[in-house]
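J.: structure of the sequence below:
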Amino acid sequence: MSSHFFAMLSRMKNIFRWGLMRNTRKESLSEHSLEVAYIAHALALIRNRRFGGNVNAERIATAAMFHDTSEIITGDMPTPIKYYNEDIKKVYKQIESVADSTLLDMLPEDLKEDYEPLYNPNCEEKKIIKAADKISALIKCIEELNMGNREFEMAEKSTRKCIEELNLPEAEVFLDEFIGSYYLTLDELRS
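T.: Got it, this is the predicted structure:
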């Protein structure tokens, strides 16, 4: 039996984020998902090492890779529209759920049970992935600002505020210890 699941996932490289904003460099959904995965992994490790957590960093990183795959079907809905009001937010969540189910249904039956948990992380895992997603958005804002693109000034402020409002100590650690480096040039990073 033929499965289209991975061919569909391969389309992530054709979905571009930040559609309403002028970008100096396009960011694909594939790039974003990889960045969210390694940030989520780091957040999970920070939680475990520094705050007595007991989460599975590898599972969280893997779930993070799949966190936006519904956008292969839906496209990237810009945040100001997605969260414009509760009605739109609720309907969009339903659309994402249908898209996720559509993708899962492309898998062979014997693999579905392995992928379903990645599409349905528990509450604790979701919070870490959400923080990683927001940190990735913040990094994009910083990169655009570094290129002189003022279009991202408000997004940078509001995204940073969203991260702070999550009240996750591991996210605060990431901001304190790692985000500052994103403001540096390659030569500054190497010195």
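
J.: now do the helices in this structure.
T.: 5-9, 29-50, 57-65, 71-74, 79-82, 86-104, 109-119, 123-146, 153-165, 169-177, 186-190 (DSSP state H).

J.: ranking these by mean pLDDT, which is last?
T.: Per-stretch mean pLDDT for those is lowest at helix 79-82 (a mean of 73).

J.: and the most centrally placed residue in the chain, what does it touch?
T.: The residue lying closest to the centre of the chain (Cα atoms, centre = their mean) is D133, at 3.1 Å. By Cβ atoms under 8 Å, 6 or more residues apart in numbering, the contact list for D133 reads V36, A64, H67, D68. The C-beta positions use only the backbone N, C-alpha and C, and glycine is treated the same way.

J.: which ones are touching the nearest residue to I73 once chain neighbours are set aside?
T.: Spatial nearest neighbour of I73, chain neighbours left out: A99 (4.0 Å); criterion: Cβ to Cβ, 6 or more residues apart in numbering. The neighbourhood of A99, defined by Cβ under 8 Å, 6+ apart, consists of T69, S70, E71, I72, I73, T74.

J.: now that we have the residues you listed, which of them are buried?
T.: For those, a burial check counting by 16 or more other Cβ atoms under 10 Å picks out T69, S70, E71, I72, I73.

J.: and which of these is nearest D105?
T.: For the buried ones among the contacts of A99, the closest approach to D105 (Cβ to Cβ) belongs to I73, at 11.6 Å.

J.: residues near D76, how many?
T.: Per other Cβ atoms under 10 Å, the neighbour tally for D76 reads 18.

J.: ok, and the closest non-adjacent residue to it?
T.: Counting by Cβ to Cβ, 6+ apart, R17 is the residue found nearest to D76 once chain neighbours are left out, at 5.1 Å.

J.: before we move on, what about E58?
T.: Counting by Cβ to Cβ, 6+ apart, H41 is the residue found nearest to E58 once chain neighbours are left out, at 7.3 Å.

J.: and for T74?
T.: Leaving aside its chain neighbours, T74 sits nearest to A99 (5.3 Å; criterion: Cβ to Cβ, 6+ apart).

J.: and the one you found, how far is that from S191?
T.: Distance from A99 to S191, counting by Cβ to Cβ, to the nearest Å: 45 Å.

J.: which pLDDT value belongs to the residue lying farthest from the centre of the chain?
T.: For the chain, the largest distance from the centre (Cα atoms, centre = their mean) belongs to M1, which lies 31.9 Å off. M1 is assigned 70 on the pLDDT scale.

J.: that one contacts L107, correct?
T.: No: judged on Cβ atoms under 8 Å, M1 makes no contact with L107 at a distance of 10.4 Å.

J.: first-to-last residue distance for stretch 146-155?
T.: End-to-end span of stretch 146-155 (Cα to Cα, to the nearest Å): 14 Å.

J.: likewise for stretch 143-151?
T.: Across stretch 143-151, the terminal residues are separated by 12 Å (Cα to Cα).

J.: and that stretch, what's buried?
T.: Buried residues in stretch 143-151, counted by 16+ other Cβ under 10 Å: E143, E144, L145, N149, E151.
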